[in-house]
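S.K.: Predicted model and sequence follow; I will ask about them next.
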Amino acid sequence: MELNLERPLLFFDIESTGLNIATDSIIELSFIKIRPGSPIPEPKTWRIKPWDYAAGCQKKISPGAQEIHKITDEELAGEKCFYEIVDQVQDELENCDLAGFNSNKFDLPMLAEELERVRKYKHIPIKVDLHKMKMVDVQNIYHQMEPRNLKAAYRFYCGKDLENAHAAEADTMATYEVLKAQLDKYEGQLKNDVTFLSNFSERQKIVDYAGRLAYNDKKEVIINFGKHRGKTAREVYETEPSYFSWVENGEFTLDTKQQFVMLRRQFEEEKQEARKTAMKKLTDKELEKSVGSLAEKWGSGKLF
C-alpha cells in the first residue's frame, strides 16, 4: 500500500559515535523523502566527521558503536562536520513530516542535539523546529503489533532478509518498506494517515526528546525522572526553583535544557503578569477611594 500523504514524509536513520545523546555525535545521516502522489524514494546520505566543539577536534567513535556499524575514525577524517552541512540538512527537513525506526528514543533526539550544538557553538540560525513536525515511529507500531527488531520486522512484513543491516541507507529504506507493508497487513486497524500513525506510534506524549519532561492526563507538563517524577513542572518551580538551574547546568541534552529554560521563562512571565494585575487592582482601588473622598468634599461644599 502506498502512503497517503499531504506533505512529504522524510524517513531517516542515524549512525553515531555512541548512544549517549548528550555527548555522542552523528557520523552517518540518511534521508529518504517520499512525496505526496509519488512512491519513488529520494535518498540523500551524508558521512559526517563527528566534532567536539569544546575541544575543537574530531570526536572518537566508541568501540561498541564501531563494532556495530563498522565505520572507523580514519574513514571520517576527510568528511565535513555537521555544522558544515547543516543548511543542506535543514533544506531537506523543511516542510516535511518524519518517520524512522526507534526514532523517537534515539534518532530524533540525536538530530535535535546536533542542531542545538550548531546553534550554540557556531551561532548558525536553525530554521526548522523538529517539535512541530509529525513523527511516525515505525518501531512503536511494530512493537504494538509484532514485538521484534528491524531485521525481524523486515523479514516478517516484507518476506525477505535485510542485507547490510546497520548501514544507515539500508536501514532507512527497510523502514520505509516495512511501514508500507504494515499498512497492507493491518488495513482494518491502521489508517493511511500520518497524523494517525504519529499518534499511534507515540507511547507517551513527551516534551523533550530525551523524555525528561512529559504531559500528564490533564495536559500539564510533569517531571518524568528522579525525585520529582510525576510532579508538575509548575509545582517544582514554585517549591524548588533551584532545580531548574540544576538541570540547566547539568549533564542533560541541550534540547532538555532548552525546554526547562522555556518553562522557567513562562512561569516567570506569568508571575510578573500576576504582579501587574495585582498592582493595577490596588491602584484602581486607591483611585476609586480618592475619587470618593473628593466627591464627599464637593458634596459638602468644601474642597479643602
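M.R.: Sure thing, it's come through.
S.K.: Relative to the whole chain's centre, how far out is stretch 108-121?
M.R.: In terms of CA atoms, centre = their mean, to the nearest Å, the centre of stretch 108-121 is set 10 Å apart from its chain centre.
S.K.: mind listing what's buried in that stretch?
M.R.: Leu108, Pro109, Met110, Leu111, Ala112, Glu113, Glu114, Leu115, Glu116, Arg117, Val118, Arg119 (16 or more other CB atoms under 10 Å). C-betas here are computed from N, CA, C, even on glycine.
S.K.: swap in stretch 217-225?
M.R.: Buried residues in stretch 217-225 (16+ other CB under 10 Å): Val221, Ile222, Ile223, Asn224.
S.K.: ok, the first one to Met133 distance?
M.R.: Going from Val221 to Met133 by CB to CB, to the nearest Å gives 20 Å.
S.K.: give the contact list for the residue positioned nearest the centre of the chain.
M.R.: With distances taken as CA atoms, centre = their mean, Tyr209 lies nearest the centre of the chain, 4.2 Å away. Shown in contact with Tyr209 (CB atoms under 8 Å, 6 or more residues apart in numbering): Ile21, Asn104, Leu108, Pro109, Ala112, Glu113, Leu130, Thr253, Asp255, Thr256.
S.K.: which SS class is the last one?
M.R.: Put simply, Thr256 is helix when judged by DSSP: H, G, I helix; E, B strand; the rest coil.
S.K.: and if you look at Leu29?
M.R.: Look at Leu29: counting by three-state DSSP, its state is strand.
S.K.: next one: Glu15
M.R.: strand.
S.K.: ok, and the closest non-adjacent residue to it?
M.R.: In this structure, Glu15 finds its nearest non-sequential neighbour in Glu28, 4.0 Å apart by CB to CB, 6 or more residues apart in numbering.
S.K.: Tyr53 and Glu116 touch, don't they?
M.R.: No. Tyr53 is beyond contact range of Glu116, at 10.9 Å (criterion: CB atoms under 8 Å).
S.K.: And the pLDDT at Glu286?
M.R.: Looking at Glu286, its pLDDT is 68.
S.K.: And for Leu294?
M.R.: pLDDT at Leu294 comes out at 55.
S.K.: cool, and the one 3 residues further on?
M.R.: Per-residue confidence at Lys297 stands at 59 (pLDDT).
S.K.: which residues of the stretch 1-150 of the chain score low on pLDDT?
M.R.: 147 (pLDDT under 70).
S.K.: ignore the last one, the stretch 151-300 of the chain
M.R.: 203, 284-300.
S.K.: And the strands in it?
M.R.: Secondary structure of the stretch 151-300 of the chain (DSSP state E, counting those that start in this stretch): strands at 213-215, 221-223.
S.K.: Show me what Ala99 is bridged to.
M.R.: Phe11, Val136 (DSSP bridges).
S.K.: now the helices for the stretch 51-200 of the chain?
M.R.: Assigned by DSSP state H, counting those that start in this stretch, the helices in the stretch 51-200 of the chain fall at 63-69, 73-76, 82-93, 108-117, 138-145, 150-158, 168-185, 194-201.
S.K.: any chance of those helices in a markdown table, with distance to Lys33 too?
M.R.: Below are the helices of the stretch 51-200 of the chain laid out as a markdown table (distance: least, CB to CB, whole Å):
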| stretch | distance to Lys33 |
| --- | --- |
| helix 63-69 | 23 |
| helix 73-76 | 24 |
| helix 82-93 | 7 |
| helix 108-117 | 15 |
| helix 138-145 | 16 |
| helix 150-158 | 20 |
| helix 168-185 | 10 |
| helix 194-201 | 14 |
